[in-house]
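**Student:** Make a model of this:
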Amino acid sequence: MWFVYILICSDDTFYTGVTTDVDRRLRQHNWEIVWWAKYTRIRKPVQLIYKLEFKSRSEACIEESRIKKLTRQQKEEFIKKDS
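**Tutor:** From the prediction side, this is the model:
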C-alpha cells in the first residue's frame, strides 16, 4: 500500500509526500533516522496531520500532485473535511 501524507512543520508550513511507511518517513523527517529530508530538516519537529491510503504508487502520486497545487486555505479545508 502507498500513502499520501501531510505534515505540519514547526514554522507552520505544510509538507506533502508519498511513502509506503508513514511512521518511518515521519521519523526520517524529524531526523530520528538520518535522511536527507531537505525541506523539513530546518523545520523540525514536524507532526503528521493527514494520511490517505492508495493501492498503487501512481494513484498516490496523482493525489500528492493535486494536494500540492492547493492553496494553504484549500489544504486546511481539505484536512479538516477529511479528519
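**Student:** which ones are touching Arg25?
**Tutor:** Contacts for Arg25 (CB atoms under 8 Å, 6 or more residues apart in numbering) come out as 5, 17, 19. (Glycine included, C-beta is placed from N, CA and C.)
**Student:** in the protein, which spans are helices?
**Tutor:** 22-29, 38-41, 57-68, 72-82 (DSSP state H).
**Student:** who's in contact with the second one?
**Tutor:** So that's helix 38-41. Contacts with helix 38-41, where a contact means CB under 8 Å, 6+ apart, come from 7, 9, 15, 29-31, 46.
**Student:** could you redo the last one with a cut-off of 6 Å?
**Tutor:** Residues outside helix 38-41 that contact it (CB atoms under 6 Å, 6 or more residues apart in numbering) are 15, 29, 46.
**Student:** So for that helix, mean pLDDT?
**Tutor:** Mean pLDDT, computed over helix 38-41, is 84.
**Student:** Return the helix or strand in this structure with minimum mean pLDDT.
**Tutor:** None of the helices or strands of the chain scores lower by mean pLDDT, DSSP states H and E than helix 38-41, at a mean of 84.
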